[in-house]
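Visitor: build me a structure from this.
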Amino acid sequence: MKSLIALVAVVGMSASFAGPYVEAKNKIKFTEFDNIDLGSGTNHLRLGYKGKNTYIEAGAMSDGGTSAEAGYKFKFDNGFTVKGKVESTNVDAWKHGVETEIRYSF
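Guide: All right, here's what the predicted structure looks like:
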């Protein structure tokens, strides 16, 4: 239920400055740089909706699953930028991840 509320909030914030898009993404997981299998990745094809400071997207993965992502980015006049995202994937069970970045530019 919390995820649904967060999703509705992000979509609501995006509505006033929205624009649709399509995104292709490829993710490859590896543990050593000298042993990367470029053919082992997962491809994502997502439809998205971008607002002024937020976005939301969802679609299919090449391994038969589904994925979704929602995020935000805010730049402040004092040199700080704050951005983050929540990404979820589902093949046999849902897996979620959260990423947050705070950057100060000189």
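
Visitor: beta partners of Lys75?
Guide: Counting by DSSP bridges, Lys75 forms beta bridges with Thr81.

Visitor: if I look at it, how far off is Ser105?
Guide: Distance, Lys75 to Ser105, using CB to CB, to the nearest Å: 9 Å. All C-beta spots, glycine's among them, are computed from the backbone N, C-alpha and C.

Visitor: who touches both of those two?
Guide: Jointly contacting Lys75 and Ser105 under the rule CB atoms under 8 Å, 6 or more residues apart in numbering are Thr81.

Visitor: which one of those two is surrounded by more residues?
Guide: Remark: of Lys75 and Ser105, Lys75 carries more neighbours, 13 against 8, as counted by other CB atoms under 10 Å.

Visitor: I'd say that one and Arg103 touch.
Guide: No - applying CB atoms under 8 Å as the test, Lys75 and Arg103 come out as separate, 9.3 Å apart.

Visitor: now for these two: what residues contact both?
Guide: Thr81.

Visitor: which residues sit against stretch 56-69?
Guide: Applying CB under 8 Å, 6+ apart, the contact partners of stretch 56-69 are 7, 10-11, 14, 21, 23, 42-49, 55, 70, 85-91.

Visitor: for the record, mean pLDDT for it?
Guide: Confidence for stretch 56-69, expressed as mean pLDDT, is 94.

Visitor: buried residues, it. List them.
Guide: By 16 or more other CB atoms under 10 Å, the buried positions in stretch 56-69 come out as 56-59, 61, 65, 67-69.
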